[in-house]
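[1] Below is the structure, and that's it, no one-letter string:
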């Protein structure tokens, strides 16, 4: 264990944990959209390993410098500011940037109510994006048997690319095409059509938004009883923390 | 564009039933509120009504002038609050929004359409010409032998290139997300504002769908 | 697998980390990479088709569709635009019968833009197949295209005397080196490499080499300025089965061309530097990552490597010692972000140039997960001189904190564009005088990622790591130049070159670019200026790599130092509609649709 400071309070942290995990264990919530906690989809137990570092919504101040909390391993005496006004607004701004970059039509989305982007929007008190809404045309890909790839909603977190693999060959099922603002996720139809139902569902759950849609799962839970309505994303993240 | 017979009377120019001075005075003493729906489904207005009996207490303090549920066609004067649902989809929307901004102290964007464009804004990823072609020229229900045309006339509003959120056209003061926001959520915001409290929407009441 | 492809895969031992080389070999053989070949590549390198496309689609110059017999890329830098770019662009379209980003009817030509190709001192310039043409005019373009149509190769036209491609004459036939100052540290002629290397390997311990570098206080010349001695010390201490030296010859920062000239005029200095680094850290393998825009240097550099091998200075058991070290050239394929060391390493491994999450740092876990020292071309050349002389000699040049000299590649409004070697501690004023700048108003150092300077206010500032820390690129603009357009160009450059992996850079870059357009269009208000500053802080604070961090620099710096040009453009909102609301744009599409769908139908 090491002693670190979070928002002015000295707490304990396990060596090897990243700041995101250490904060959660000490009942301090830092949002994240690309980090995958706990066991990876590959089935290996990970400790701070699933840091993709793409969404940047876990940005906090570490010893005065703004950093992505999931990328930093804790060390003795580290001074972490989470609820500091400047960096709190930056996290909110990044969420808003995602809402205006994609086409996020919550009212018509199958993932609404269990969407991490939406739930994080609520958590950071986003009402409207400060950035102009872009409405960029994006192609949907529904060619595979079980998966509807709704690219309007993709936040490009890379979870699917890194963590969803063909069981037989370990090849990527989702891959990246293009660069920068033209980048998009491609799905390998042949491999996707071979995915067992549980893996399809797992991939759909892994996707933080409604981009990877399991064609067999539509609006299957009534409003009021959906995942993040039963428990907010913050409550889920802090389950098992010191004060729980 | 085709010409038309300009024998027009606007509905707000028609004579109205006079209101007795006492009632009028009571109304004038309240907080003046105007409402309107632009390019939306008017569901947010219906949701406003979902506050049910709380509406009665609200109306003790508030006088709703122009709205989809009263018969007032024009804003009669200075308003404290403008409650707007729907996004901007045509020239008439823009003109009325201008009028609301000029005459209301505070404007509130209510619902997804007002806040980011909503369902109507789904056409934004498709060029307007293609939308017209699909709806009128190549339409399944177009009259077979009729000359192919699209609506375009000086008497009807011009459709905007893209459907726009209200705050990309005028300054908006507050936002109530939802599709529609709950009656209770709308009540919370209005109740705070008309009683002189700060806008405060707890995250538990913040919903985008 | 088809037989004709066999030799390509064998060349690289069916090693999937050599995907970049494989893609180039296919493209150079067939003029583009067909979907059949992509399938073959996937099969033979044990990748999926999507894996191959993932890498292919990242780089500007990889083609998965035919792009004409001759691939023409016109450099679109701000410097080119000051020197006749528009006329040259028009001439290219006229002469080829091809529109930009397309192919002509006869499939003879493909035309596209390229971001800075390292020839700012001789622009307008374009890449045609494996060579470049510089100092273009519409007449020159006409001449070149005519000859291409007659069946000559680009190489024949650029090199009429038919010098062999592995010679210095060949390189000089194609590009000028434009060295404007006498040699201080670099460009020393006639060095006895064998003697220097002999002393290094037989009479000096690796730890002493590191000590010399530390004492010399040499810092990275690529822009980051990390102390070289310290990097090699960390490399030596790092644990790994193999260790690597990578020479960063990507030189993608617009306005930088000093490494191009170093590799042309003193390539063996660079090789010697790599050998010294390898000896110091305990590496046996080196890679020179050469940007694709410098393809015309490839054969020549390969020859330099071969010369060293032939003289026993590279390869197994160098100079009959136990020390083995060899070098290969890894070509890039058009990506500015691959100048970032972790993105460069990803590219060397056959992947997209996506910068890695740090830590771990490359010196601990770099190429193939092994300790890797990535050093700039100029840094290695300087190191080669320091080990020849000594650290005290180097320390007497420059300033105590910024020892030695550095190369500047100067372009823009000056009479003598080219390479200048200056001692650290030289003032901006002196440099502008050296270059023959007249009426200089605005200077951009270290490219769009660097700093924007006001000549009027900052001419006394000094080149050193604590003041004007410059990577070499120096662009001079006089009072006639439109700064807002230049800054807008830089904003567009960053959007194009962003790898796209992180939100603030990918999405934020577009916002900054749009803000610049709004300002130039006269539709911006004070709120836009405030938002630029806030959003810049967001992008700088939360981006994953240096591209994002640097992206807002030109706007912020010019806002501060040339605030007038911004404030004379901004307007005050009149009436209830926002200044940014574009009524004409909002109202124009309906009538246009009516004209196209109804009126034209009537005719």
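    Here it is on my side, so go on. All of these numbers come straight from a predicted model, not from anything done at the bench. Numbering: from 1, shown residues only, chains lettered A, B, ... in the order given.

[2] Contact residues of the stretch 401-550 of chain C facing chain B?
    For the stretch 401-550 of chain C, no residues are found near chain B under the criterion C-beta under 8 Å from any C-beta of the partner chain. (C-beta placed from N, C-alpha, C; glycine too.)

[3] the helices in the stretch 401-550 of chain C, which residues?
    Read by DSSP state H, counting those that start in this stretch, the stretch 401-550 of chain C holds these helices, from start to end of the chain: C:428-435, C:455-458, C:483-497, C:503-520, C:526-542, C:546-550.

[4] For the last one, report the contacting residues that lie outside it.
    What it means is helix C:546-550. Residues outside helix C:546-550 that contact it (C-beta atoms under 8 Å, 6 or more residues apart in numbering or on different chains): C:224, C:336-337, C:340, C:355, C:448-450, C:494, C:497-499, C:502, C:504-505, C:508-509, C:539-540, C:542-543.

[5] How far off centre is it?
    Distance of helix C:546-550 from the chain centroid (C-alpha atoms, centre = their mean, to the nearest Å) equals 15 Å.

[6] Can you read off the pLDDT for the residue lying closest to residue C:293 once chain neighbours are set aside?
    With C-beta to C-beta, 6 or more residues apart in numbering or on different chains as the criterion, residue C:293 has its nearest non-adjacent residue at 4.0 Å, and that residue is residue C:117. According to the predicted model, the pLDDT of residue C:117 comes to 98.

[7] Just read off the phi/psi values of residue C:117.
    phi -100, psi 20 (degrees, to the nearest 10).

[8] Now for it, how many residues are close by?
    Using other C-beta atoms under 10 Å in any protein chain shown, residue C:117 has 28 neighbouring residues.

[9] That one against residue C:132, yeah?
    Yes. Look at residue C:117 against residue C:132 with C-beta atoms under 8 Å: they come within range, at 6.8 Å.

[10] so what sits against both of the two?
    Residues touching both residue C:117 and residue C:132 comprise C:125, C:293, with contact defined as C-beta under 8 Å, 6+ apart.

[11] which parts of stretch B:57-69 are buried?
    When burial is assessed from 16 or more other C-beta atoms under 10 Å in any protein chain shown, stretch B:57-69 yields the following buried residues: B:58, B:62-67.

[12] Just want the most central residue of chain B.
    In chain B, the centroid-proximal residue (C-alpha atoms, centre = their mean) is residue B:37; its distance is 2.0 Å.

[13] what phi and what psi does the backbone show at that one?
    Here residue B:37 shows phi and psi, under degrees, to the nearest 10, equal to phi -120, psi 130.

[14] That one and residue B:83, how far apart?
    The gap separating residue B:37 from residue B:83 is 10 Å, by C-beta to C-beta, to the nearest Å.

[15] now residue C:505
    For residue C:505, the distance to residue B:83 under the criterion C-beta to C-beta works out to 39 Å.

[16] ok, residues contacting stretch C:486-494?
    The set of residues external to stretch C:486-494 that reach it, using C-beta under 8 Å, 6+ apart, is C:78, C:81, C:115, C:254, C:336, C:442, C:444, C:448, C:452, C:477, C:505, C:509, C:512-513, C:516-517, C:520, C:547, C:550-551, C:554-555, C:558.

[17] Perfect, that will be all.
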